[in-house]
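Visitor: sequence and predicted model, in that order:
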Amino acid sequence: MEQKEKIKYQRNCLLGALGAALLIVGDLCISIVPASPADKGLYVRGAYLNGDFQLWRVALLLVTGLVGMFFYAFGIDAISEQILPKYRKTRALVKYAGLMYVASAATLHFLVGTLAYWVTYLSEHIGREQAIAYVDDYYNLLFPAVSIVYIPTALLMLTSLISLLAGRTVMKRSMIVFHIITWQLIFVLIPDIRQAMGADISTLDYVFSQASGNTACLIWLVASFVYSKRNSN
């Protein structure tokens, strides 16, 4: 990269990291709740059913999601710029898949937030079982449409990883230790490993699973910025 391009790339890494951090705030809004052995899925949780979930969290989740989505777009630019210029089609694939991923971020956050909201609100007014039944219907109706986001997400993550391993990026292959997929797998597997060892489900498990994607992106973008600064000469 030329010096101007490098400065722009480093700026995009930092702004993208800020976007990821804001989306992590949204993840924490719905995951930092007391855990219960009877909890299951995204929204059947004792804290929601008991009314312990503060409904203002949904508004904070939406605001951080919308603002974070704006800054996240810079991070997608940075991830595409990591691929060597001669691989133009690969760059374009990462950029456009990434933009679709970013565009869906606030929507997904708000959907999960509304699930928590409706379970909390309805359980107080019509009872737990009826509240769960209503929210199940809501979730089952919307999930097929929302699940389309997994396609660009997979394209973004896998193309970035394969390009890194194939030596088609501006970074060394050893940077795989900081890659998005590496850390996402670590965060997702921690709750499973803990439960396999006999540990009870905890709030920390919710945080690891629900904030895994955005935290992994934050780590990757910060590591990319540091790598670029150290190799500026």
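Guide: All right, it came through fine.
Visitor: tell me the secondary structure for residue 86?
Guide: Using DSSP: H, G, I helix; E, B strand; the rest coil, the structure places residue 86 in coil.
Visitor: next one, pLDDT for it please.
Guide: Looking at residue 86, its pLDDT stands at 92.
Visitor: please report how far it lies from residue 168.
Guide: Distance of residue 86 to residue 168, given as Cβ to Cβ, to the nearest Å: 9 Å. From N, CA and C alone the C-beta is placed, and that goes for glycine too.
Visitor: quick one, which of those two is more surrounded?
Guide: The neighbour comparison of residue 86 against residue 168 (other Cβ atoms under 10 Å) goes to residue 168, with 16 against 8.
Visitor: got a list of what the more buried one touches?
Guide: 83, 84, 87, 90 (Cβ atoms under 8 Å, 6 or more residues apart in numbering).
Visitor: please identify the helix or strand for residue 68.
Guide: Residue 68 belongs to helix 56-81 when assigned by DSSP states H and E.
Visitor: next structured bit after that helix?
Guide: Using DSSP H and E, the helix or strand that follows helix 56-81 in sequence is helix 88-126.
Visitor: circling back: looking at the contacts of residue 168, state which has the most neighbours.
Guide: The most crowded member of these, judged by other Cβ under 10 Å, is residue 83 (24 neighbours).
Visitor: my guess is that residue meets residue 163, correct?
Guide: Yes. Taking contacts as Cβ atoms under 8 Å, residue 83 lies within contact range of residue 163: 5.1 Å.
Visitor: CA-only coordinates of stretch 62-77 in PDB, if you can.
Guide: This file holds the C-alpha atoms of stretch 62-77, laid out as PDB (Å, rounded to 0.1, in the frame of the first residue of the first chain):
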ATOM      1  CA  LEU A  62     -31.500  -0.100  18.500                       C
ATOM      2  CA  VAL A  63     -29.500   3.100  18.900                       C
ATOM      3  CA  THR A  64     -26.100   1.400  19.200                       C
ATOM      4  CA  GLY A  65     -27.100  -0.900  16.300                       C
ATOM      5  CA  LEU A  66     -27.900   1.900  13.900                       C
ATOM      6  CA  VAL A  67     -24.800   4.000  14.800                       C
ATOM      7  CA  GLY A  68     -22.600   1.000  15.000                       C
ATOM      8  CA  MET A  69     -23.800  -0.100  11.500                       C
ATOM      9  CA  PHE A  70     -22.600   3.200  10.100                       C
ATOM     10  CA  PHE A  71     -19.100   2.800  11.500                       C
ATOM     11  CA  TYR A  72     -19.000  -1.000  10.800                       C
ATOM     12  CA  ALA A  73     -19.100  -0.200   7.000                       C
ATOM     13  CA  PHE A  74     -15.600   1.300   7.300                       C
ATOM     14  CA  GLY A  75     -14.400  -1.900   8.800                       C
ATOM     15  CA  ILE A  76     -15.800  -3.800   5.800                       C
ATOM     16  CA  ASP A  77     -13.800  -1.500   3.500                       C
END
